[in-house]
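> Fold the following for me, if possible:
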Amino acid sequence: MAKIKDLDDLGIGEKETSFIKAADMSKAKKNRGGRPKKDANEKASEQIFINVTKDEKAKIESAAKELGISVSALCKVSLAKFMEL
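The predicted model follows:
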């Protein structure tokens, strides 16, 4: 298929040219997928740092892996349960 910039070289009429330009999907905005952006008040922008021993870290990582979640998610769930959030 001819590119839009080459349509003038085809010697076709204005009606056909406008039809081809309307059918050309290469310039259409593509759906990038993914989830919608979060509002500013929903974004996790603050951090809390804790120190743990190697054994504690290993236990935490093992528990998170067993549950199929990240260490961060495990900590958030544990804190929420403890604090009844």
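> In three-state terms, label Lys65 for me.
helix (DSSP: H, G, I helix; E, B strand; the rest coil).
> got a pLDDT number for it?
You'll see Lys65 listed with a pLDDT of 95.
> what's the answer for Lys27, then?
In this model, Lys27 carries a pLDDT of 58.
> Repeat that for the one 10 residues further on.
Lys37 is assigned a pLDDT of 86 by the prediction.
> Over to Asp9?
pLDDT at Asp9 comes out at 60.
> what's the answer for the one 3 residues further on, then?
pLDDT recorded at Ile12 is 65.
> Sort out which residues of stretch 71-85 are buried, please.
With burial defined by 16 or more other Cβ atoms under 10 Å, the residues of stretch 71-85 counted as buried are Leu74. Bear in mind the C-beta positions are built from the backbone N, C-alpha and C, glycine included.
> can you tell me the average pLDDT over that stretch?
pLDDT averaged over stretch 71-85 gives 89.
> Ala44: how many residues sit nearby?
Using other Cβ atoms under 10 Å, Ala44 has 8 other residues around it.
> Which element, helix or strand, includes it?
Using DSSP states H and E, Ala44 sits in no helix or strand.
> Okay, helices next: where are they in the chain?
7-10, 14-23, 54-67, 71-83 (DSSP state H).
> Can you pull the domain assignment for the protein?
1-27, 51-85 (automatic domain parsing).
> Tell me who's in contact with the residue nearest to Val71 when sequence neighbours are not counted.
Leaving out its chain neighbours, the residue that sits closest to Val71 by Cβ to Cβ, 6 or more residues apart in numbering is Ala64, at 4.7 Å. Shown in contact with Ala64 (Cβ atoms under 8 Å, 6 or more residues apart in numbering): Ser70, Val71, Ala73, Leu74.
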